[in-house]
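[1] Task: produce atomic coordinates for the following.
(2 chains)
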Amino acid sequence: MAMTCSFAAVFLWSGASRLISLAPSDVLIIALYFVTVLGIGLYLRRYANTSNDFFMAGREMTAWVAGLSFLSANLGAIELMGWAGSTYEYGILAAHFYWIAAFPSMVFLGLVMMPFYYISKTHSVPGYLQLRYGEATRALSGISFAFMTVLMSGINMYAMALVMKVVLGWNIHFSIWVSSLTVAVYVALGGLYSAIFNEVLQFFLIWLGALVIPVLGLIEVGGWSGLQAKIFERMHSNDYVHLWSGLGSFSTNPMGVHWTGVVFGLGGAIACGYWTTDFLVVQRAMAAKDLRSAQLAPIIASYFKMVVPLIVILPGLLGLAVLPYKLVPQSAAGPGMHSYNEVLPLMLARYAGPGLLGLGVTALIAGFMSGMAGNVSAFATVWTYDIYQPYIKKGMSDEHYVKIGRWCTILGVILSIGTAYFVTSFKSIMDYMQALVGFFISPLFGSVVVGMLWKRATAKGGFWGLLAGTGSSVAMYTAVKIHPAWLRYVALSPDAKDMAENLYRALWSLLICVFVTIAVSLFTERKPKEQLQGLVWSYTKFPPAEAMPVWKKPWFWAVGVAIFFGVLQWVFW
Amino acid sequence: MSERQHMLPVWFFIGILLTAYGVIIFITSLIDWPHPSAAILSQYHPSFWGGILLLVIGGVYVFHFWPRRPRR
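    Residues are numbered from 1 along each chain as shown, chains lettered A, B, ... in the order given. Modelled structure (predicted):
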């Protein structure tokens, strides 16, 4: 026992300086988390023996479980730390990535798109594309998704290992291997059940672990008005605490964006692309027990997304107001300096004593691990159903595909570990990886939504539209990288800054995808009506609405979140 | 299928873990009461209140979703 502890101590602590020192109670809390997630995986193994159970959690999740895991699959630690850091850099404008980038697209998924995903009984978004457009589009989407999701999983691991090194002084290899192997075990055992259970668990840990920051922070600064005053005192500007009033021009806000980019680029192209077609999150809604639950899941998630800024945006603003030193961009962070992305652990260290600190660190670890688990479970599903089954080994038994799914999970984790080490060698590769994800997301939304709403869309139109949208996104990104001044053409303003490139590139690539899909479809042959049943609006018989009180209907709660959203925009205008 | 109907709900596992965390944090806060940590506003003993909150939430979930109780 003593030797194990000594070995762990030597292996754990790399000797690097750290922001936080853990008390024994904190270590116990972290250890208990690992024991719990492994225990959950072991327990759920007996229930994950068919492909429907392993890949789709039996399609029996309640609206609440599906909704919370839908949100948690996105609410990883990279999200939390990254957006808290962006808030420190840009102010409350970062909240747009939680408000307008969530509510319209999540509600659109729930009310409009989920019926098609659910009624078609598809197991994945590439699966829907195969039904609607054919094999070529499915292959393009499936392979790119499988590739990206493993890359993102590795980035999650690397980012977590880096954070644990900076914050706790942990050895990078220890962090990568212990967390990856834990995820591999519990997802390989329990499949999507395990991933979902642990995402819902993570949701609670994130909230309870991070709540100490906004509560004590607002006490320290004297409430919202005190926070505004302190930020003005430091930054000599009110731009950091206003959501919309500075967006009339690119030059009148810290982010260098215009409201059109925020509304159409972010709220339209990027948000819809992510929330309605990224299989990592959509898979959770597809696992719901019935259509009503599947529709409610993203709508429930949107309510919580409206309040997540309390534990992400507010800590960033508090950091701006109270930290005794200035944070700097990651690239400028030298010895003794802290980067924007460290604002969340810095605020945690500021307010959380022994016990609560362990809970906060566990929440971050849980966020990283559930991010990896989500990516790996989505990878296993897409690989097995959309690549292995149709192209490598058709017609095998259900038991065979479950076995493949388990091995795919292990393979996905191994590839992720490889990616994590790859990223350690090329640190700036993380920026390229994020861009890679962006190349596919918005055009994919274009392909899917045109396919769902327009019966005339053809297989060739869908394929060429997706390819054109992706190609145009790559071209715009590359052009601005080579000639940074060309950002003015992408964002239509000489005052636009880097963030504007992401927003407008997403918008143009979406429009190009839609335009090419429509144009090619008009000159090519469409599938017969019989093959489009349940896949297109005009040819889908929606189940008759059950008699139920209005407050149980998805549209009722969609209206509620719309009102909630409106109030938030008005309060923080 | 009948076995799955007896699957413990995720809320039960959450309740167990939060209760355990509540116990750890609450006891830690009592041990550290005479000597609050260097954290800002530690004089308000946030670990004490946090521990109680976790115990309450965890306890409610464990009680409500205990296996012997009929599930809704």
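
[2] Give the helix, strand or coil label for the nearest residue to A:Arg488 once chain neighbours are set aside.
    The shortest distance from A:Arg488 to any residue other than its chain neighbours is 4.5 Å, reached at A:Pro494 (CB to CB, 6 or more residues apart in numbering or on different chains). Backbone N, C-alpha and C define where each C-beta goes, glycine included. Here A:Pro494 is coil, with the state taken from DSSP: H, G, I helix; E, B strand; the rest coil.

[3] Please apply the same query to A:Gly374.
    From three-state DSSP, the assignment for A:Gly374 is helix.

[4] What's the local residue count around it?
    A:Gly374 is surrounded by 32 other residues when neighbours are defined as other CB atoms under 10 Å in any protein chain shown.

[5] any idea which helix is longest in the chain?
    As the question left the chain open, I've gone with chain A. When every helix of chain A is counted residue by residue (DSSP state H), the longest turns out to be helix A:172-210.

[6] actually chain B
    For chain B, the helix that runs over the most residues, judged by DSSP H, is helix B:10-32.

[7] buried ones in that helix?
    When burial is assessed from 16 or more other CB atoms under 10 Å in any protein chain shown, helix B:10-32 yields the following buried residues: B:10-22, B:24-26, B:28-29, B:32.

[8] Show the contacting residues for the closest residue to chain B within the stretch 1-150 of chain A.
    Relative to chain B, the nearest point of the stretch 1-150 of chain A is A:Ser25 (4.2 Å; CB to the nearest CB). Remark: with contacts taken as CB atoms under 8 Å, 6 or more residues apart in numbering or on different chains, A:Ser25 is in contact with A:354-355, A:358, B:24-25, B:27-28.

[9] One more pass at 7 Å, please.
    Residues touching A:Ser25, when contacts are defined by CB atoms under 7 Å, 6 or more residues apart in numbering or on different chains, comprise A:354-355, A:358, B:24, B:28.

[10] Check which helix or strand it maps to.
    If you go by DSSP states H and E, A:Ser25 is part of helix A:24-44.

[11] How much space separates A:Met148 from A:Ala188?
    A:Met148 sits at a distance of 21 Å from A:Ala188 (criterion: CB to CB, to the nearest Å).

[12] Quick check: the residue in the stretch 201-350 of chain A that chain B sits nearest to vs A:Glu60, distance?
    Distances from the stretch 201-350 of chain A to chain B, computed as CB to the nearest CB, single out A:Leu216 as the nearest residue at 4.9 Å. The gap separating A:Leu216 from A:Glu60 is 41 Å, by CB to CB.

[13] same check, this time on A:Trp207
    The separation that A:Trp207 has from A:Glu60, given CB to CB, amounts to 25 Å.

[14] Then A:Phe556?
    Using CB to CB, one gets 24 Å for the distance from A:Phe556 to A:Glu60.

[15] Which one of these two is surrounded by more residues?
    A:Glu60 (20 against 12).

[16] Skipping adjacent residues, who's closest to that one in space?
    Beyond its immediate neighbours in the sequence, the residue positioned closest to A:Glu60 (CB to CB, 6+ apart) is A:Lys289, lying 4.6 Å away.

[17] and the one you found, what is it in contact with?
    A:Lys289 sits next to A:59-62 when contact means CB under 7 Å, 6+ apart.

[18] Just the ones of the residues you listed in strands?
    Counted as lying in strands by DSSP state E, out of those, is not a single one.

[19] where does A:Phe11 land on pLDDT?
    Looking at A:Phe11, its pLDDT stands at 35.

[20] residues contacting the closest residue to chain B within the stretch 401-550 of chain A?
    The shortest separation between the stretch 401-550 of chain A and chain B is 15.3 Å, found at A:Val402 (distances taken as CB to the nearest CB). Shown here is A:Val402, whose contacts under the criterion CB under 7 Å, 6+ apart are A:49-51, A:54.

[21] I appreciate the help and will end here.
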